[in-house]
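K.L.:
Mind folding the following:
(chains A and B)
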Amino acid sequence: MFPKRFDQARPFLTLGIVLLAWLFVPLAVKSFTRATFFEIQAPLVVADSYVQFLQTFWSNRMHSKDELLQAGQQVAGLIAQYDYSTQQNQQLQAEILRLENLLNLPPMPAFRFEPARVARRDFSGWWQRMVIRKGENYGIPVGAPVVFSGGVVGRVTEVHRYTAVVDLITSPTFRLAATASGDNRPVSYQGGLNDSFKSPRGIVEFVPLDIYATRTATRRLVTSGLGGVFPPGLTIGDITNLESSADGLFKLGEVQLDERLGSLTEVTVLVPLNPEEL
Amino acid sequence: MRRSDPRWLIVFLANLLLWWLTGMANDYLATFSVHLYLGGLLVAYASLQVDRQQGFVALMLTGLMVDSVEPVPFGTSMLLFGVVHATLVYGRQRLPRDGAIFGTIAALFSNLFLFIALSFLLVGANPRPGEAWLRLFVDLLASQVVIIVITPWFLALQSRAMEFAQIHPETGRRLTL
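P.N.:
Down below sits the predicted model:
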């Protein structure tokens, strides 16, 4: 029989023993356990997303025929615009191919576009992630870029059987080589400034001294295509201010990100056709 | 003595339900850049009302469940929940643990500890930690308000689940209704 004082401390002793044992558990077992616990919860997350989708479906069915006709006309206009853009795109692709052949350039990275619905958004002060409703079943690889109509959304960090986790560009853990539009020198972008009730922001570092941006004359920040999987030219945000760094060699500043990032319901995963590009 | 003792499972499933509801709330709140963290509430019933070993097992599993969906080293929440559980179990015989009021207070303090511990662990990744603390303060405030509101419901839910299973949460004896 243990003395009473020792008996009271038993919870701490048990905890200590369990944690000591946990340290010696092989990494493979931990990875397997993590994946198992994630997959146990995944149906709940996905079911919740399907219920939301059903809610939207039924609320859309409440619209009158006049409203639907108006919406149809707007969609027809958009389709006409996109048809024209597609033709322009085909011409530009042909031009790129001709120049690549002429100059013996390596081909641009090619992607398959995989649209996916957002199942769950998890935007805290510690991390900014979302779960999408496609995973291994659609060939989504870890590291694949994720985009939407406004530009970059983030990067796939975890892939599960039917879902994948995307680390957003608003997340403090997200870093990317970027360029100011109209310039080809790389700068460093990092997310992480996410004040409550405000649009998300990021920071930009190592900006050359001859680049200027103010709140009234912002400068678009785009992906550079260097040292990563993102194709060049995708919008990240707008540089709203730049100031000299402590050493005076570069500038640093803030980037205003798209406020729609907080309410996305659908994104597109760029799946590289050549997996070695990841 | 019952051959199968489902107390750890009841607590774990209740925690899973709360974690799912919190995730849904956070999905809606993402638009406003506010995030709820209710880790303290997951610990309160298991540590105050349930047998210490059964509560410990339930919280270890809950910790692993939480860690599996968060970008933290696997086992972080398990460790933190374990520390809070051990502390509450150590002192619970000397505390008026019956009723929702003390449960709410315990959940609030547990949540405060867990939130601050996680923040110290993760805030270093932020490019401007000083600004990040302002956001974290708002999140903490919102989380504590939600805990005050829902703790009586969540504790009652777990108590009712134990009654439904006809088992006393602390002794494990069969209850006759």
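
K.L.:
now the stretch 101-250 of chain A, which segments are flagged as low pLDDT?
P.N.:
Applying pLDDT under 70 to the stretch 101-250 of chain A flags residues A:227.

K.L.:
how about a cut-off of 90?
P.N.:
Applying pLDDT under 90 to the stretch 101-250 of chain A flags residues A:101, A:103-111, A:173, A:181-184, A:192-199, A:214-215, A:225-233, A:245-248.

K.L.:
Same question for chain B.
P.N.:
Low-confidence segments of chain B (pLDDT under 90): B:1-6, B:52, B:90-100, B:123-132, B:165-166, B:168-177.

K.L.:
what about the helices in it?
P.N.:
B:7-29, B:39-48, B:52-68, B:76-91, B:100-122, B:129-164 (DSSP state H).

K.L.:
Would you mind finding the most buried of these?
P.N.:
Across those, averaging neighbours per residue (mean count of other Cβ atoms under 10 Å in any protein chain shown) puts helix B:39-48 on top, at a mean of 28. For every residue, glycine as well, the C-beta is placed using N, CA and C.

K.L.:
which strands and helices sit next to that helix?
P.N.:
helix B:7-29, helix B:52-68, helix B:76-91, helix B:100-122, helix B:129-164 (3 or more Cβ pairs under 8 Å, 6 or more residues apart in numbering or on different chains; DSSP states H and E).

K.L.:
Which among the helices of chain B is found nearest to residue A:224?
P.N.:
Of all the helices of chain B, it is helix B:129-164 that lies closest to residue A:224, at 26.2 Å by Cβ to Cβ.

K.L.:
just how off-centre is the closest one within its chain?
P.N.:
8 Å (Cα atoms, centre = their mean, to the nearest Å).

K.L.:
do the same with stretch B:30-44
P.N.:
10 Å.

K.L.:
contacting residues for the spatially most central residue of chain B?
P.N.:
Per Cα atoms, centre = their mean, the C-alpha nearest to the average position across chain B is that of residue B:42, at 1.5 Å. Neighbouring residues of residue B:42 by Cβ atoms under 8 Å, 6 or more residues apart in numbering or on different chains: B:15, B:18, B:19, B:59, B:62, B:66, B:81.

K.L.:
Please repeat the previous calculation with a cut-off of 6 Å.
P.N.:
The contact partners of residue B:42, taken as Cβ atoms under 6 Å, 6 or more residues apart in numbering or on different chains, are B:15, B:62.

K.L.:
Contact partners for residue B:117?
P.N.:
residue B:80.

K.L.:
okay but residue A:114 is in contact with residue A:271, surely?
P.N.:
Yes - at 5.3 Å, residue A:114 counts as touching residue A:271 under the criterion of Cβ atoms under 6 Å.

K.L.:
Can you see whether stretch A:262-271 contacts chain B, counting any residue in it?
P.N.:
Yes - counting by Cβ under 6 Å from any Cβ of the partner chain, chain B is contacted by stretch A:262-271 at A:262, A:263.

K.L.:
Can you give me the end-to-end span of that stretch?
P.N.:
Its start and end residues considered, stretch A:262-271 measures 23 Å (Cα to Cα, to the nearest Å).

K.L.:
Show me which residues of that stretch are buried.
P.N.:
Buried positions in stretch A:262-271, judged by neighbour count with 16 or more other Cβ atoms under 10 Å in any protein chain shown: A:262, A:264, A:267, A:268, A:269, A:270, A:271.

K.L.:
Columns pLDDT on top of those, output as JSON lines?
P.N.:
Shown next, in JSON lines, are the buried residues of stretch A:262-271 (pLDDT from 0 to 100):
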{"residue": "A:262", "pLDDT": "88"}
{"residue": "A:264", "pLDDT": "91"}
{"residue": "A:267", "pLDDT": "95"}
{"residue": "A:268", "pLDDT": "95"}
{"residue": "A:269", "pLDDT": "96"}
{"residue": "A:270", "pLDDT": "94"}
{"residue": "A:271", "pLDDT": "93"}
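
K.L.:
between the helices and strands packed on helix B:39-48, which one is nearest to residue A:249?
P.N.:
Across the helices and strands packed on helix B:39-48, closest to residue A:249 is helix B:129-164 (Cβ to Cβ), at 23.8 Å.

K.L.:
can you give me the angle the closest one makes with helix B:7-29?
P.N.:
140 degrees (axes from the mean of the first three to the mean of the last three Cα atoms, to 10 degrees).

K.L.:
Output the contacting helices and strands for helix B:129-164.
P.N.:
The contact analysis (3 or more Cβ pairs under 6 Å, 6 or more residues apart in numbering or on different chains; DSSP states H and E) places helix B:129-164 against helix B:39-48, helix B:100-122.

K.L.:
from the chain's centre, how far out does the longest one sit?
P.N.:
If I follow you right, that is helix B:100-122. Using Cα atoms, centre = their mean, the offset of helix B:100-122 from its chain centre is 9 Å.

K.L.:
Likewise for the shortest one?
P.N.:
Once both centres are worked out by Cα atoms, centre = their mean, helix B:39-48 turns out to sit 4 Å from its chain's centre.

K.L.:
With stretch B:19-35 instead?
P.N.:
Mean-position distance between stretch B:19-35 and its chain equals 17 Å (Cα atoms, centre = their mean).
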